[in-house]
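J.: got a predicted model here, sequence first, then my questions.
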Amino acid sequence: MNVTDAGCSPPSAEYQFYLFPVIYILALVVGLPGNLAALFVFTFKITPRTAFSVFISNLALADIVILCTLPFRIHYHLNRDDWVFGDVACRITGVLFYSNIYMSICFMTCICVDRYMATVHPHAYQRQRRPWRSLAVSVALWCIAGVLMLVFVLWGPLETNVNQSGGRSCFENLSKQEWDTRLKVYSLLSLILFSLLPTVIILVCYPLAVKRISMIRTNTAQRALRVIYTILAITLLCFLPNHLVCLLHLLQRMDVIKGCSSANRIFEARRVTMALVTLNTCLDPVLYYVTTSHCKWRRLKMTWLCGRVQRSRDVITIAVDREAEPVDI
């Protein structure tokens, strides 16, 4: 049950009308150009194709889909959580937003497993290293996500609920009946298969890889450590807090956690952790920068830090060294 279903007065959420627009605008300004550039470079400029570049391209694509839904959410929160775009737009943008958050963590996990095999089991990795394998995994993940999204979109309306401000909410404040008949199974499977399991894999595989790489004193090994620390930082900062709060929210909905005080704290925590998850789209370009020696991202990096992008070729330059081999760590 949500806060209202529990008979509790919902906490003041005035801050969210400012928090989410600021975070979402930051994500658009910083994350969109970075992910578009990464998608272009890793898809069309890096040859030969590798499993690593395939997963990076798909991670950038998932981030771009998230970012494309943010203008609707910015308007939603600036309009004091009153959804005005209709039920169909609510379902489509909401499903794309949340599902691609799960896709992002899935592709980060794929990168993690790929780097783990290359580091800890290099001989087996060289024998099995084929771009078509990573392409098949990526297609399978997108197909699974597409089917689940389509079923959810066709299931029924999601924007009919009236929130405490008197407006129509979208993907929020769902009643107990909607939760029990529609979201309970989805939430449980998503939490286990697309949140907690990928996070556990990342937190287990990468420390093992760090232990192995720490024994090697080369520039490539040091670059590999930066890659690992970057992904661990993104996971711990952006994803893990949200996964834990989603677990608490699920337990609250199942009446395992009771009490108004707990319900209000979980409500507040979900707002903060959702903002952190969106910041993942800003941090992933940092991952693209430190995981490859193919590109000179210096001017693009300065553009990200300044928070603006110029279309002139004199301002953004992506130089690709076609003779460089992908960095295997």
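T.: Sure, I can see it. Given the structure is predicted, the values throughout are model-derived calculations rather than measurements.

J.: can you give me how far stretch 280-291 is from the chain middle?
T.: Centroid separation for stretch 280-291 versus its chain: 12 Å, with Cα atoms, centre = their mean, to the nearest Å.

J.: repeat for stretch 207-218
T.: The chain centre lies 27 Å from the centre of stretch 207-218; the measure is Cα atoms, centre = their mean.

J.: tell me the buried residues in that stretch?
T.: Buried residues in stretch 207-218, counted by 16 or more other Cβ atoms under 10 Å: A209, R212, I213. Backbone N, C-alpha and C define where each C-beta goes, glycine included.

J.: now do stretch 146-154
T.: Using 16+ other Cβ under 10 Å as the test for burial, stretch 146-154 gives L148, M149, F152, V153.

J.: which SS state does W83 fall under?
T.: Counting by DSSP: H, G, I helix; E, B strand; the rest coil, the backbone at W83 sits in coil.

J.: in the stretch 1-150 of the chain, where is pLDDT below threshold?
T.: Confidence mapping of the stretch 1-150 of the chain against pLDDT under 70 gives the ranges 1-13, 127-129.

J.: on that earlier part again, now the buried residues of stretch 146-154 in JSON lines, with secondary structure and distance to V84?
T.: Formatted as JSON lines, these follow (DSSP: H, G, I helix; E, B strand; the rest coil; distance: Cβ to Cβ, whole Å):
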{"residue": "L148", "secondary structure": "helix", "distance to V84": "27"}
{"residue": "M149", "secondary structure": "helix", "distance to V84": "23"}
{"residue": "F152", "secondary structure": "helix", "distance to V84": "22"}
{"residue": "V153", "secondary structure": "helix", "distance to V84": "19"}
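
J.: which pair of the residues you listed spans the longest distance?
T.: Greatest spacing in the buried residues of stretch 146-154, by Cβ to Cβ: L148 and V153 (9.7 Å).

J.: the one helix or strand V139 maps to - contacts with which helices or strands?
T.: Per DSSP states H and E: V139 is located in helix 131-155. Packed against helix 131-155, as judged by 3 or more Cβ pairs under 8 Å, 6 or more residues apart in numbering; DSSP states H and E, are the following elements: helix 51-78, helix 87-120.

J.: right, and the helix or strand after it?
T.: Next along from helix 131-155, by DSSP H and E: helix 176-178.

J.: just checking, what packs against that next one?
T.: In terms of contacts (3+ Cβ pairs under 8 Å, 6+ apart), helix 176-178 is not packed against any helix or strand.

J.: buried stuff in the host helix or strand of N35?
T.: For N35, the enclosing helix or strand under DSSP H and E is helix 32-40. Residues L32, P33, G34, N35, L36, A37, A38, L39 are the ones in helix 32-40 that count as buried (16+ other Cβ under 10 Å).

J.: now it, how far from the centre of its chain.
T.: Relative to the centre of its chain, helix 32-40 is centred 15 Å away, using Cα atoms, centre = their mean.

J.: packing partners for that helix?
T.: In this structure, helix 32-40 packs against helix 51-78, helix 260-290, helix 298-306, with contacts taken as 3+ Cβ pairs under 8 Å, 6+ apart.

J.: change it to 6 Å
T.: helix 51-78 (3 or more Cβ pairs under 6 Å, 6 or more residues apart in numbering; DSSP states H and E).

J.: now the angle from the helix it packs on to helix 87-120?
T.: Angle, helix 51-78 to helix 87-120, by axes from the mean of the first three to the mean of the last three Cα atoms, to 10 degrees: 150 degrees.
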